[in-house]
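1. Give the three-dimensional model of this entry:
(2 chains)
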Number of protein chains: 2
Amino acid sequence: MKDFIYYTPTKMIFGKGKHREVGKIIRGYGYGSIMLMYGQNSIKRSGLYDEIMESLRAEGIRVIEAGGVEPNPKLDFVRKSIETARQEQVEMILAVGGGSVIDSAKATAAGVVNTCDVWDLFTKKAESTGALPVGAVPTMAAAGSEMSASAVITNPEENMKRGYNSDFNRCLFAICNPELTMSLGPYQTACGIVDIMSHTMERYFGVCPDTELTDQIAEGLLRSVISAGSRVMADPRDYEARAEIMWASNLSHNDLTGCGREFATVVHQLEHAVSGEYDVVAHGAGLAVMYPAWARYMYPHAPQRFARFARNVWGVTEADDVAASLLGIEAMEEYFRSLGMPLKLREFGISSDSVDRLADLCTYHRQRTLPSYVELDYERVKEIFKNSR
Amino acid sequence: MKDFIYYTPTKMIFGKGKHREVGKIIRGYGYGSIMLMYGQNSIKRSGLYDEIMESLRAEGIRVIEAGGVEPNPKLDFVRKSIETARQEQVEMILAVGGGSVIDSAKATAAGVVNTCDVWDLFTKKAESTGALPVGAVPTMAAAGSEMSASAVITNPEENMKRGYNSDFNRCLFAICNPELTMSLGPYQTACGIVDIMSHTMERYFGVCPDTELTDQIAEGLLRSVISAGSRVMADPRDYEARAEIMWASNLSHNDLTGCGREFATVVHQLEHAVSGEYDVVAHGAGLAVMYPAWARYMYPHAPQRFARFARNVWGVTEADDVAASLLGIEAMEEYFRSLGMPLKLREFGISSDSVDRLADLCTYHRQRTLPSYVELDYERVKEIFKNSR
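-> Numbers count the residues shown, from 1 in each chain, chains lettered A, B, ... in the order given. Now for the predicted structure:
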């Protein structure tokens, strides 16, 4: 077990109808002036916007609106929001929506406090010194951004999607009402499930010895999500299944499933190249393509680990490690397919010609390699993208 | 899944040699004057005291000492420490030791800030309004007090051991170095293992429907602890096993294994009557007696749950739920026995005559019942104590 720091200060308020307490919760922290960040119009159509506003109004909280966050959220929106938040001197940011909204709120919160350009935090040109508090009311179960230390923003000028990790990115509180995720369509729900699984799998496949307790937790979480995922595809209004998936989304990305392990988001890096370049690719769908592509390249280099994954997560009984590994990957592919996910880039209409360009983007123009059971340089990354065509 | 709040703000710094950073960590929070709380002389004998003092001295931190915490920590020590902490105007309390030391630090921290007598917080006569920050350097893996919301103190005048739960009881930080637990003897180590398992089992056997994700995490944690426990009994210096047990001690009592479940510490209540009355009984050893005694009384009332426990934790393959339940309890008993734990009160020299008195104490002189699959009144509690003779 490697040394680690585990720090998840976010207060998680989980359950039915809890979002209606948001005004009281914010007032409890002593804040009276907030920026309300949200995405497109879905929270207005669903009535969630009205319920949130009513709860804030009841506590006399001043609200500056910042609606219109796009999927794969954009840097220019964040920059504009930082300017507004400064002008209006808001005390905190409330994010109501999916991971894109929460990540935009985190980036804005950091940008308001830091004097550098916010993008410098993502490119590591500057170190963060703090951030406004962020509260989150997630409407999706996916990134688990409401409990994670990470934020991902896309810079369209440079065609670059970048993540930035910091304890300042930890939300002050999160209000998770699984009912809010019931209106998600099957595709978005499935994208979320793949994203959740990926967050734990990235940690599970970190290059280090087995860590029994953390591995058992990771495997249990994956089994729960796989089961709940199938149930929710059959009945989108299954509260228990929605609740399990939502809670898993948090535990999968708040570092619990990585404690004591090496941790690098290799497949996320591969996927960010794809969805950074092709706006049509939802993050979870991109992961459904890239995870098997990565695994098919990688399992010969770590058959024991892939075999454990196959047996403990997918119930594979094959005794030979190499054969079991492959059966596990096939089971994962079948499961993703059962959720209605794509398994190849061509299903997005992305042509085979893109492989060079994606490998180039992913390796920052051959300037970096990715750590995995074998170090992934440009040529190896290209092989993986070939698997994904 | 029941609605829940999950709030574990404690910063966990986990790994080899980390306790030597304590001075820097405290200075990082801006504190310059602390109360150092510890137990008997073991941290002086082991050299830990010197290492801690050196780290504090290097940062110029003023230290007021409060050594001498006893097992089953006593109210009068806490009252005295509160007085000293007030006089000396310390900014925080650093607890170095086992659960007794950390609990005493929590109680002292609460007592300094609250104007009521500190015992009123334990008897629920008064509500806490805050506490000094507490940092913990645990030397045992057991109660997981360094990450929990609870503190347990004994009031010898009233022969009463009481727990008090509050978010103000959450430590600011905890530094967990598994190496510090290597010098524990097998009995103390075993007591810790039983305590850790009990914290998860109390939650697991809460009266509510299965909660798949939480249950999978609980079962995985128990399997890990059972395996690591056997390894550590065979080789007390097995770092990986010590580390797993220590990390489990935290996850077992920071609420993770209870999210979405009903939660009552029924067996802890039974045990508190025993170790509150008989100072010779270590908490973990008392639990090793009371858990099977409770389970043998209770399984006919929830055979499905006990059978799941038997199958997923102990590997029982019996198909019949009632028979499987009993096999699971027997496996638990055998395991506790393999750790060198007692299974009956008479092994402590406690006579059968004590049953009435223990049942009386446990039910606060027949004033309360305990929630379980059947509500436990005085008569039923007495039956359980009969099982434990």
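
2. Let me see the contact set for the spatially most central residue of chain A.
-> In chain A, the C-alpha nearest the mean C-alpha coordinate belongs to residue A:143, at 2.5 Å (C-alpha atoms, centre = their mean). Listed by C-beta atoms under 8 Å, 6 or more residues apart in numbering or on different chains, the contact partners of residue A:143 are A:98-99, A:102-103, A:195, A:199, A:249, A:253, A:283. Backbone N, C-alpha and C define where each C-beta goes, glycine included.

3. Quick check: pLDDT value at residue A:99.
-> With respect to pLDDT, residue A:99 scores 89.

4. Helix or strand: which one has the nearest residue to it once chain neighbours are set aside?
-> Excluding its sequence neighbours, the residue lying closest to residue A:99 (C-beta to C-beta, 6 or more residues apart in numbering or on different chains) is residue A:143, at 3.2 Å. Remark: residue A:143 resides in no helix or strand, with elements defined by DSSP states H and E.

5. And residue A:143, how far from chain B?
-> Noted for residue A:143: a distance of 18 Å to chain B, by C-beta to the nearest C-beta, to the nearest Å.

6. Look at the residue lying closest to residue A:336 once chain neighbours are set aside and give its secondary structure.
-> The shortest distance from residue A:336 to any non-neighbouring residue, by C-beta to C-beta, 6+ apart, is to residue A:288 (4.4 Å). Secondary structure state of residue A:288, per DSSP: H, G, I helix; E, B strand; the rest coil, is helix.

7. For the stretch 201-350 of chain A, what lies in contact range of chain B?
-> Taking C-beta under 8 Å from any C-beta of the partner chain as the measure of proximity, the stretch 201-350 of chain A contacts chain B at A:211-214, A:216-217, A:219-221, A:223-225, A:227-228, A:239-240, A:243-244, A:247-248, A:251, A:256, A:259-260.

8. which of these are buried?
-> Neighbour counting by 16 or more other C-beta atoms under 10 Å in any protein chain shown classes A:211-214, A:216-217, A:219-221, A:223-225, A:228, A:240, A:243-244, A:247-248, A:251, A:256, A:259-260 among those as buried.

9. List the ones among the residues you listed that fall in helices.
-> Counted as lying in helices by DSSP state H, out of these, are A:212-214, A:216-217, A:219-221, A:223-225, A:228, A:240, A:243-244, A:247-248, A:251.

10. Which other helices and strands does the helix or strand of chain A with the lowest mean pLDDT contact?
-> Sorting the helices and strands of chain A by mean pLDDT, DSSP states H and E puts strand A:160-165 at the bottom, at a mean of 88. Judged by 3 or more C-beta pairs under 8 Å, 6 or more residues apart in numbering or on different chains; DSSP states H and E, strand A:160-165 is in contact with helix A:119-122, strand A:150-155, helix A:266-277.

11. can you rerun that using 10 Å?
-> Here strand A:160-165 touches helix A:99-113, helix A:119-122, strand A:150-155, helix A:266-277, going by 3 or more C-beta pairs under 10 Å, 6 or more residues apart in numbering or on different chains; DSSP states H and E.

12. now, of those, which is deepest in the fold?
-> Burial of the helices and strands packed on strand A:160-165 is given as mean neighbour count (mean count of other C-beta atoms under 10 Å in any protein chain shown); helix A:99-113 ranks first at a mean of 28.
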